[in-house]
Every structure is written in C-alpha cells, then in structure tokens.
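>>> need a structure here:
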Amino acid sequence: MSRTRKAAAAAGLAALLAVPAAARADDGARISALEDRLRALEDRLSASQQVIASQDALLRTQAAVASAADSAAEGGRLDGFLESLEIGGYVAGSYVYSFNDPDVNTFTNTLCQFNCNHNEFSFDAAKLELGRSPQGAGSTGFQLDLLFGQNAAILRALVPPADSPTPFSTASDTDLFVQQAFVSYNLNDVVLKLGKFETLLGYELLDTNANATVTHGILFTYAIPLFHTGLLASGSFNENLNWSAGLVNGFNNSRDQGDNKGLLAQLAWASGPVFLSASSYVGTLGETRTRVSDGAVVGDDDAITQIYDLIARWSPNETLTLWVNADWGTTELGRDVPGGIASVGQDPTFAGVSTGATFDLTPRTDLTLRAEYMNDDEGSRFGGLVPGGNPLSLDEIDAYSFTLTLGYQLTPELKTRLELRRDIVDCDSLDCDLFFGSGTTKDEDTNDLGIVEVVYSFD
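Residues are numbered from 1 along each chain as shown. Alright, predicted model coming up:
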C-alpha cells in the first residue's frame, strides 16, 4: 500500500474513534447540567418549604393572638360585669328573755314579729344581696336578695294556713325567703322594676342591720305592708323631689288571690338634714284566710284597703337623728281582713304613730329611744290575729310599745346591741290578755323583753 493510502486510512480510523469520545463528552456535559438544574430545583423546593413553614407559623401566631384577644375581650366583659355587681348582706343572731317569767310552752307576744321567743338563742337571719343598678338611660339591672333563718320562716308565715290563725307561729333555721327579686331598666331616667320588691311605706326596713333598733315596731308589724310583687316606676322631678308609682298584686303575697290590683305611690323630698315622704297603698290585701269567728273565707277582691303613711326625719348634726312616722288605714266592710268583724256597711279603721331619736354617744356607741301607739278600731288588724281569741269581743284595741336600744360597733363590720322593750295592750275584753300568752306571772296585758343581738354586715 502506498504511503498516501496508509495516511488516509489512519485519518479515517482516527475520525471514527473521535466520534464516540465527543458524544461521551456531550453526554457528560448534559448530565452535569441536569444535575445542576436538579440541585437548583431542590434549593427552590427547600426555600419554598421554608416560606410555607414560616407562613404557617405566622398564621398560627396570628390565630393565637386573635384567640387571646377574643378571650381578653370576653374576660374584659366578664370583669366589667363583676366590677359592676353590688354584693352585700349580713348575718345576725340574738338571745331573748321575757321578764314576765312566762311558761315557755304557752308564751306568745303577738305585738312582736322578730326576736320574740322567751329564753331562746336564735339564728335570726343570714342575707345575701346580689344586684346591679341601671347607671344611665337604656341601661339594665337586677336585684336578688335571699334571706335564711328564723326571720325567713316568719316572713313566709305572714299569711298562715286557714287552720293556724296565729301569725309568726313557725320558725326554722333552714327556711329560705326571697326578699327581693326583680329586673330593672332605665327608660330615659325613669327606672322600671318588675318582680318582687320591698314596700315604700314605713320608716323601718326589713333588715335588722338597717334599723336603729333590734325589734321592729307595731306599725311595721300591723299597719303597713312589707313587700309586693308587680311593676314599680320611679324617677325625680328635681334633685330634691322624687316620685314612685306601682301596680302590684296586693301586699305580703307573691300570687294574686283575685282580679283586682293594688296601687302603690310615694312622694319623697330630701334637702340637707331634712327628709319627708308621703306614701300610700290602695287595693286588696291579697290575703286568703278563714275567719276565726265564722269560718268565712276572707281576702276577696272586692273590699278595698287604704293605707297612708307619712315620715319626717331630721338630722341637725352628725350625732343626732329624730323621726316621726304616722299611719292611717281603713278596710271596706271588714270582710277583707283576717279576723275582720265589722258588719256590712261599716269600714273599720286603724291608725298609729311612732317617734324616736338616735344619739351617737361616742364614735362607736349609739343610743336609740322609740315610742309607739296604735289604735285598731273593731279589731280589724289585731282581732283575728290573737291566738285563741274571739274577734267579736275585740271591738277596739290600743297598743303601746317603748324601746331602749344601746349599740356598740366592735369593728367596722361587727355590731352588738342590747335592747329593752315594753309592750302594753289596752282593751275592754278578757281576750286582751291573750296578746302575751297565758303563762305569765305579771299582768298579761303587759310584756317586758330583754334582747342581745350581734350582727355582722358586709358589702
């Protein structure tokens, strides 16, 4: 073979060998490029995952913050409600002794309502008050007062069953009495109350720690109502003159016993040391009982009772308070009162006055004097309430009560009081002695009590 051909053959063979090497180089470059792209995609994926994780953490954080804000808002509303809630009450206990030295099994004191049993330690009351007053136009409120103890049982027995004509005859430590329970609404500065509430009449209040004396007086016990169930509106004409008006079932009852309703009203004026009020109740008694004399049912919705109450209080300085409370009432026909005895065409009346003074002897010591008188024409308020008495023989009754109370404030919350009380009944009937039972050694138209009370108040 010539030299020329040999050279051409060698060149061709070299070319053939060079083609796979170039292909392999190109493949390696492509693979390297693919690997670079994969690594870039992996980096992007990792970055995206990090972004997603960050966004998820941010969303979780925002959700937690929102939840916490909602909880805080709810907590704020709850805290606001609790801060506006008015909580108060008291716990009271006493010891009572009758100086008439009566037979305990037969002793009664019809003129006395609470703290009356001879030679007895008593858990008188434990009261819890929960409420919220309307603060402005359009605002709402409520009041719930729960009373436990012997006083609760006595209040529940204000209208005793037909076979037990004696009032205030049962008492139990476990009894519960709903003293007040109403909702309220401020309608353009006129406060509306719907439910059960204490009366507008009388100088004394149901709560013993709110009064200057331990025992409640004769007028409180017999001349006026104590509580009502219905609708009450109250407002003011100016900064000194306030008004109240209500429509109620009757008094001393929660359920209405007839179709008629009672009207409740008050005008009260206060300026500096002077307070004056005029209150009234006109309507049925709302009581359902059997008359002692003839078994007839009383408490119908025809006979109308009217009661008018006047109060004047003067506090000339920080150490002295003087007051006068007067009541007058009448009941049509007499058939609407427990034990009423008047014949058709007669309207028995009752009237009374209470006056007293409280002196602050020291910053912790006070002394209160109270004197009361009540006349009951034809036994309309007293007659049928005398245990074992015949109302027909109690044509007219005069009752007197004199009280001396010494109080000492042991702590800002704890107060103790010592009280001496004399009750006198004057009537022309032998049944008059039944006001104070049948086992006393002194004249039974008079009764003397000694009372020690301890009260713890909180708010």
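>>> contacts, neighbours, all on C-alpha from now
OK.
>>> can I see the domain layout of the protein?
The record's domain parsing of the chain by automatic domain parsing lists 1-84, 89-122+189-458.
>>> Check the ones you listed for me: which has the lowest mean pLDDT.
Among the domains of the chain, domain 1-84 carries the lowest mean pLDDT, a mean of 64.
>>> Name the residues that touch stretch 416-423?
Stretch 416-423 is contacted by residues 111, 213-214, 399-410, 446-455 when judged by CA atoms under 8 Å, 6 or more residues apart in numbering.
>>> name the element residue 39 belongs to?
Element membership of residue 39, judged by DSSP states H and E, is helix 3-84.
>>> Quick check: next helix or strand after that helix?
Taking DSSP H and E, what comes next after helix 3-84 is strand 86-98.
>>> who does that following strand pair up with?
strand 120-132 (antiparallel), strand 446-458 (antiparallel) (DSSP bridges).
>>> Export the first one to CSV, keeping only CA atoms.
Below are the C-alpha coordinates for strand 120-132, written out as CSV (Å, rounded to 0.1, in the frame of the first residue of the first chain):
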residue,chain,number,x,y,z
GLU,A,120,-84.0,31.4,123.4
PHE,A,121,-80.8,31.7,121.5
SER,A,122,-81.7,32.3,117.8
PHE,A,123,-80.1,32.3,114.4
ASP,A,124,-82.2,35.2,113.2
ALA,A,125,-81.0,35.8,109.6
ALA,A,126,-78.3,35.4,107.0
LYS,A,127,-78.9,37.5,104.0
LEU,A,128,-77.1,37.6,100.6
GLU,A,129,-77.7,40.6,98.3
LEU,A,130,-76.7,40.4,94.6
GLY,A,131,-77.5,43.3,92.3
ARG,A,132,-76.6,45.8,89.6
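>>> Give me the buried positions along stretch 85-95.
85, 87, 89, 90, 91, 92, 93, 94, 95 (16 or more other CA atoms under 10 Å).
>>> Let me have those in TSV, adding distance to residue 273 as columns.
Shown next, in TSV, are the buried residues of stretch 85-95 (distance: CA to CA, whole Å):
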residue	distance to residue 273
85	30
87	28
89	27
90	27
91	30
92	30
93	32
94	33
95	35
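>>> where along the stretch 351-459 of the chain do the strands fall?
Here the stretch 351-459 of the chain has its strands, by DSSP state E, counting those that start in this stretch, at 365-377, 396-409, 414-426, 446-458.
>>> To residue 196, which of these lies closest?
Residue 196 lies closest to strand 446-458 among those, at 22.9 Å (CA to CA).
>>> now the angle between strand 396-409 and the closest one, please.
For strand 446-458 against strand 396-409, the angle by axes from the mean of the first three to the mean of the last three CA atoms, to 10 degrees is 40 degrees.
>>> contact partners of strand 446-458?
Counting by CA under 8 Å, 6+ apart, 88-100, 109, 115-116, 209, 214, 413-425, 436 sit against strand 446-458.
>>> In JSON lines, list the strands of the stretch 351-459 of the chain along with mean neighbour count and distance to residue 235.
Shown next, in JSON lines, are the strands of the stretch 351-459 of the chain (neighbours: other CA atoms under 10 Å; distance: least, CA to CA, whole Å):
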{"stretch": "strand 365-377", "mean neighbour count": "20", "distance to residue 235": "32"}
{"stretch": "strand 396-409", "mean neighbour count": "20", "distance to residue 235": "35"}
{"stretch": "strand 414-426", "mean neighbour count": "19", "distance to residue 235": "34"}
{"stretch": "strand 446-458", "mean neighbour count": "20", "distance to residue 235": "28"}
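>>> Pick out whichever of the buried residues of stretch 85-95 sits closest to residue 235.
Checking those against residue 235 with CA to CA, the nearest one is residue 85 at 22.0 Å.
>>> Pretty sure that closest one sits against residue 135.
No - shown here, residue 85 and residue 135 do not form a contact pair, counting by CA atoms under 8 Å, at 11.8 Å.
>>> Hmm, residue 267 is touching residue 241, no?
Yes - the criterion here is CA under 8 Å, and residue 267 meets it with residue 241 at 7.2 Å.
>>> between the two, who's got more neighbours?
residue 267 (18 against 15; other CA atoms under 10 Å).
>>> Might you report the residue contacts of the more buried one?
241, 242, 243, 244, 277, 278, 279.
>>> ranges for the strands of the stretch 201-350 of the chain?
Using DSSP E, counting those that start in this stretch, strands in the stretch 201-350 of the chain cover 227-236, 241-248, 262-271, 274-283, 289-290, 297-298, 305-317, 320-331, 349-360.
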